[in-house]
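S.K.: Turn this into a model:
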Amino acid sequence: MAITVEDIKKLKELTGIGLTDAKTALVEAGGDFDKALEALRKKGLTKAEKKGDRETREGVIDSYVHSGRIGVVVEVNCETDFVARLPEFKEFAHQIAMQIAAMAPKYSTVEDIPAEEYEAKKKELLESDALKGKPAEMADKIVEGQLKKHFAEQVLSEQAFVLDDSKTVGERIKEQIALSGENIRISQFKRIELGVNE
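M.R.: Below you'll find the model as predicted:
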């Protein structure tokens, strides 16, 4: 596979590493972009993932109202007031508010799903007729995939990003982390739809 300048730049943006490191990773992966990205993740070289544990005490609260029928308020956090005031950070927060308005997620990340809800769905899937007679190990793998699919639309970070469905919201957040050099978190959000009480 040929290594393109576009792939090198894209890998650099997604991971926050230098152009030379991005090119080296692509060469080692034989030009396979996904393989190079996976290799970098395994090595722990992605800056976005390294920043994931840093505290986020600053940020913005953004809102978005769609046609007077759907309203969203979202808190997007970063590490410093400097980044919080940047126009691109505010634009990112607004994009997240639009995403929530369009896709109505219930949770910010997979970790936010209540354990009892997750376990109840898992139990329901394990007891389904489709899995009867299958080996336990195979059934567990099938259920794991079904759980991921079931919760994917309910979890903000797992949803396809509405402004570019070639990536998930989680990947878009990582891009923003790489661009800003700071950890970013979607702390909380509230979506209100006219005539719908939850």
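
S.K.: what residues go with each domain of this protein?
M.R.: 5-45, 58-109+154-193, 114-152 (automatic domain parsing).

S.K.: Measure how far the second one is from the centre of its chain, please.
M.R.: Meaning domain 58-109+154-193. Domain 58-109+154-193 sits 10 Å away from the centroid of its parent chain (C-alpha atoms, centre = their mean, to the nearest Å).

S.K.: how far does it stretch from start to finish?
M.R.: 28 Å (C-alpha to C-alpha, to the nearest Å).

S.K.: For the host helix or strand of A93, enumerate the helices and strands it packs against.
M.R.: If you go by DSSP states H and E, A93 is part of helix 87-103. Packing partners of helix 87-103 (3 or more C-beta pairs under 8 Å, 6 or more residues apart in numbering; DSSP states H and E): strand 58-66, strand 70-78, helix 169-180, strand 185-193. C-beta here means a position set from N, CA and C on the backbone, and glycine is covered the same way.

S.K.: just for the protein, where's the confidence low?
M.R.: For the chain, residues meeting the criterion pLDDT under 70 lie at 1, 15-18, 41-54, 198.

S.K.: The residue nearest the centre of the chain and D7, how far apart?
M.R.: Closest to where the C-alpha atoms of the chain average out (C-alpha atoms, centre = their mean) is G170, at 1.2 Å. Distance of G170 to D7, computed by C-beta to C-beta, to the nearest Å: 21 Å.

S.K.: For I113, grab the count of nearby residues.
M.R.: Counted with other C-beta atoms under 10 Å, the neighbours of I113 add up to 18.

S.K.: burial of the nearest residue to it once chain neighbours are set aside, as a residue count?
M.R.: Residue nearest to I113 in three dimensions, not counting chain neighbours: Y107, with 5.4 Å by C-beta to C-beta, 6 or more residues apart in numbering. The local packing of Y107 (other C-beta under 10 Å) involves 17 other residues.

S.K.: likewise L86?
M.R.: Using other C-beta under 10 Å, L86 is surrounded by 15 other residues.

S.K.: what's it sitting at in phi/psi?
M.R.: phi -70, psi 140 (degrees, to the nearest 10).

S.K.: so how far is K123 from it?
M.R.: Relative to K123, L86 is positioned 46 Å away (C-beta to C-beta).

S.K.: just L194 next, same as before
M.R.: 35 Å.

S.K.: try I70
M.R.: Distance check for I70 against K123: by C-beta to C-beta, it reads 33 Å.

S.K.: higher neighbour count, the two?
M.R.: Higher neighbour count among I70 and K123: I70, with 17 against 10, using other C-beta under 10 Å.

S.K.: so which helix or strand takes in G68?
M.R.: Following DSSP H and E, one finds G68 outside all helices and strands.

S.K.: ok, how many other residues are close to it?
M.R.: With other C-beta under 10 Å as criterion, G68 counts 7.

S.K.: got a list of what the residue nearest to it when sequence neighbours are not counted touches?
M.R.: Nearest residue to G68 in three dimensions, chain neighbours excluded: L194, at 7.6 Å (C-beta to C-beta, 6+ apart). Each residue near L194 by C-beta atoms under 8 Å, 6 or more residues apart in numbering is listed here: G68, R69, I70.
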